[in-house]
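J.: output the structure for:
(chains A and B)
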Amino acid sequence: MRNAITALLKRDFALAKSQGGGLGAALGFILSVIVLVPLALGPDQNLLQRIAPGIMWLALLLSVLLTADRMFQQDYEDGSLDVLLMAKIPFELVTLTKAIAHWLIVSLPLAVITPPLGLLLNIDIGQLPILWMAMFIGSLALSMLASIGGAVTAGLRRGGLLVSLLILPLYVPVLIFGIAAGSTNLGPNSSDSALLMLIALTIMSLVVAPWACAAALKAYLR
Amino acid sequence: MSEALRLRAENLGCERGGRLVFDHVNFELRAGELMELRGPNGAGKSSLLRLLAGLNIPAAGSVVLENAGADATLPEQSHYIGHAEANKPALTVLQNLKFWADVLGGTEITNALSTFSLQALADDQALLLSAGQKRRLALARLIAAKRPVWLLDEPTVGLDATSIGQLQAVAAAHLDAGGMIIAATHTELGMKSARHLQLGPVR
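T.: Residues are numbered from 1 along each chain as shown, chains lettered A, B, ... in the order given. Sure, this is the predicted structure:
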């Protein structure tokens, strides 16, 4: 069982290495948002500092969304899902592994890179650790929720728009608590409780997403 | 496994998109038997194979695999080689085969490569393979992981005479070892003692 899961992880890494897992495009997206926002809003440093966490979270969230529709599409089209369904591991474990692979390949690198980019938006260097922490946790939830969208649209040629519509509402709580966890100006202890809520959301998505994905994909194969 | 495997289908019916593809299909297959599915296009040969592989739910009836072990289900005991061959073009032949061997729980990779004469291609990307070579790579899964039931959807498509010979040899060995094969085909597989199941269009 462990063999099968590591093999699946290794394969997704190898595929991402040889054909690009969408990390490049997502990174380009984040970079352009963060570079363009100061140009669009003008050089008001206080304003930039205030909205910086929000802009960064928004950029991270939308860039993860960009990559969601491809998560299961190839495996569906080339018949890999058929064979994976016949493996001796529960199919929910397969979808969980695929979502974790997506996190490791796309969301986690983005979550690591985004906070330092915030320096372009005049954030305080002292804010970096808490931003890293919040994005590290939140990005896992983003990948999990994205996997639901990817599974629901696996059989659609142009599923990108549908994924956005389906997944955006689920991203709202992650966005709200992610930003609250990273900001220090909401009153005492508010960022701690927001961080705890973010952790709770992430754990919940870890539990729910694999089942939702497996059900959606099975419905497609039938 | 003291007693021999037995696969029993009773009153199977299949629906696709609200349309009845076939119904009242009955058969019983014992260890060492090969069954060829025959019938015109659209008769439900592929649908029956997918149904047996657990990739579809029967609209009626049931399939039972007897004496396979306590909690072994039919899909977990089966290989399914369909028209979509589940090869990743970006990976090498060896990577593709190794991946499926790990997932399906097998280790006979070298053996599988040599059985279908793929050793020379092992380090080539699957992208570069011809249609017949891709099919051989998919068929190599049969050897790489041992599973008693083979569900083959037109296994000879794209294969040259030599490869068909290799497939026949492999299939014969599998049957001798107590396995069973169900193959959908339009041409003779050239195996002796094959049983036939005729699927006709539903009126």
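J.: show me what from chain B comes close to chain A.
T.: Residues of chain B lying near chain A by CB under 8 Å from any CB of the partner chain: B:50, B:53-57, B:75-76, B:78-80, B:82-88, B:90-91, B:95, B:98-100, B:102-105, B:141. For glycine as for every other residue, the C-beta is placed from the backbone atoms N, C-alpha and C.
J.: from those, which would you call buried?
T.: B:50, B:53-56, B:75-76, B:78-80, B:82, B:84-88, B:90-91, B:95, B:98-100, B:102-105, B:141 (16 or more other CB atoms under 10 Å in any protein chain shown).
J.: sorry, back to before: the residues of chain B next to chain A in helices, which ones?
T.: B:R50, B:Q95, B:K98, B:F99, B:W100, B:D102, B:V103, B:L104, B:R141 (DSSP state H).
J.: ok, the closest residue to the second one other than its chain neighbours - contacts?
T.: Looking back up the chat, that one is B:Q95. Leaving aside its chain neighbours, B:Q95 sits nearest to A:A14 (6.4 Å; criterion: CB to CB, 6 or more residues apart in numbering or on different chains). Counting by CB atoms under 8 Å, 6 or more residues apart in numbering or on different chains, A:A14 touches B:A90, B:L91, B:Q95.
J.: so can I have a markdown table of the residues you listed showing pLDDT?
T.: Output for the contacts of A:A14, formatted as a markdown table (pLDDT from 0 to 100):
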| residue | pLDDT |
| --- | --- |
| B:A90 | 91 |
| B:L91 | 92 |
| B:Q95 | 93 |
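J.: out of the residues you listed, flag the one nearest to chain A.
T.: B:A90 (4.4 Å; CB to the nearest CB).
J.: contacting residues for the closest one?
T.: B:A90 is in contact with A:A14, A:L15, A:S18, A:Q19, B:Q125, B:A126, B:L127, counting by CB under 8 Å, 6+ apart.
J.: run a quick neighbour tally on the residue lying closest to it once chain neighbours are set aside.
T.: Leaving aside its chain neighbours, B:A90 sits nearest to A:S18 (4.4 Å; criterion: CB to CB, 6+ apart). Number of residues near A:S18 (other CB atoms under 10 Å in any protein chain shown) recorded here: 16.
J.: could you do the one 5 residues further on as well?
T.: A total of 18 residues lie near A:L23 under the criterion other CB under 10 Å.
J.: distance check, the nearest residue to it once chain neighbours are set aside against chain B.
T.: Using CB to CB, 6+ apart and skipping the chain neighbours, the partner closest in space to A:L23 is A:V106 (5.2 Å). For A:V106, the distance to chain B equals 17 Å [CB to the nearest CB, to the nearest Å].
J.: for A:V106, give its distance to A:R70.
T.: For A:V106, the distance to A:R70 equals 10 Å [CB to CB, to the nearest Å].
J.: these two - which one has more neighbours?
T.: Neighbours were counted for A:V106 and for A:R70 using other CB under 10 Å; A:V106 has more, 29 against 18.
J.: wasn't the more buried one part of a helix?
T.: Yes: assessed with DSSP: H, G, I helix; E, B strand; the rest coil, A:V106 lies in a helix.
J.: would you confirm that the residue nearest to B:A90 contacts B:L91?
T.: Yes: A:S18 lies in contact with B:L91 (CB atoms under 8 Å); the separation is 7.4 Å.
J.: the residue in chain A positioned nearest to chain B: what's it in contact with?
T.: Residue nearest to chain B within chain A: A:G79 (2.8 Å; CB to the nearest CB). Shown in contact with A:G79 (CB under 8 Å, 6+ apart): B:G82, B:H83, B:A84, B:E85, B:A86.
J.: quick check, pLDDT for it.
T.: The score at A:G79 is 91. That number is its pLDDT.
J.: can you pull out the residues in contact with stretch B:105-116?
T.: Contact with stretch B:105-116 is made by A:3-4, A:87-88, B:93-94, B:97-98, B:101, B:118-119, B:122, B:136-137, B:139-146, B:163, B:166, B:170, as judged by CB under 8 Å, 6+ apart.
J.: make that stretch B:51-60, sorry
T.: Stretch B:51-60 is contacted by residues A:82, A:85-86, A:221-222, B:9, B:11-15, B:20, B:23, B:47, B:50, B:63, B:73-75, B:78, B:80, B:149, B:151, B:182 when judged by CB under 8 Å, 6+ apart.
J.: what's the first-to-last distance across that stretch?
T.: Using CA to CA, to the nearest Å, one end of stretch B:51-60 lies 11 Å from the other.
J.: measure how far that stretch is from the centre of its chain, please.
T.: Stretch B:51-60 sits 15 Å away from the centroid of its parent chain (CA atoms, centre = their mean, to the nearest Å).
J.: so in chain B, which helix runs the longest?
T.: Longest helix in chain B, counting by DSSP H: helix B:161-176.
J.: what residues sit buried inside that helix?
T.: B:S163, B:I164, B:Q166, B:L167, B:V170, B:A171, B:H174, B:L175.
J.: re earlier: now the residue of chain A closest to chain B: how far from A:S190?
T.: 50 Å.
J.: mind listing the helices for chain A?
T.: Counting by DSSP H, chain A has helices at residues A:2-19, A:23-41, A:45-68, A:73-77, A:80-85, A:91-102, A:108-117, A:128-152, A:160-182, A:190-221.
J.: any idea which of these is most buried?
T.: Burial of those is given as mean neighbour count (mean count of other CB atoms under 10 Å in any protein chain shown); helix A:128-152 ranks first at a mean of 24.
J.: by contact count, what packs against that one?
T.: Contact analysis of helix A:128-152 by 3 or more CB pairs under 8 Å, 6 or more residues apart in numbering or on different chains; DSSP states H and E lists helix A:45-68, helix A:91-102, helix A:108-117, helix A:160-182, helix A:190-221 as its packing neighbours.
J.: want to try a markdown table for these, with mean pLDDT as columns?
T.: Output for those, formatted as a markdown table (pLDDT from 0 to 100):
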| stretch | mean pLDDT |
| --- | --- |
| helix A:45-68 | 91 |
| helix A:91-102 | 95 |
| helix A:108-117 | 94 |
| helix A:160-182 | 89 |
| helix A:190-221 | 92 |
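J.: could these go into TSV alongside distance to A:I148?
T.: Listed next are those as TSV, based on distance: least, CB to CB, whole Å:
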stretch	distance to A:I148
helix A:45-68	9
helix A:91-102	9
helix A:108-117	19
helix A:160-182	7
helix A:190-221	5
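J.: make a markdown table from the ones you listed and add distance to chain B to it.
T.: Formatted as a markdown table, the helices and strands packed on helix A:128-152 follow (distance: least, CB to the nearest CB, whole Å):
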| stretch | distance to chain B |
| --- | --- |
| helix A:45-68 | 17 |
| helix A:91-102 | 9 |
| helix A:108-117 | 20 |
| helix A:160-182 | 21 |
| helix A:190-221 | 5 |
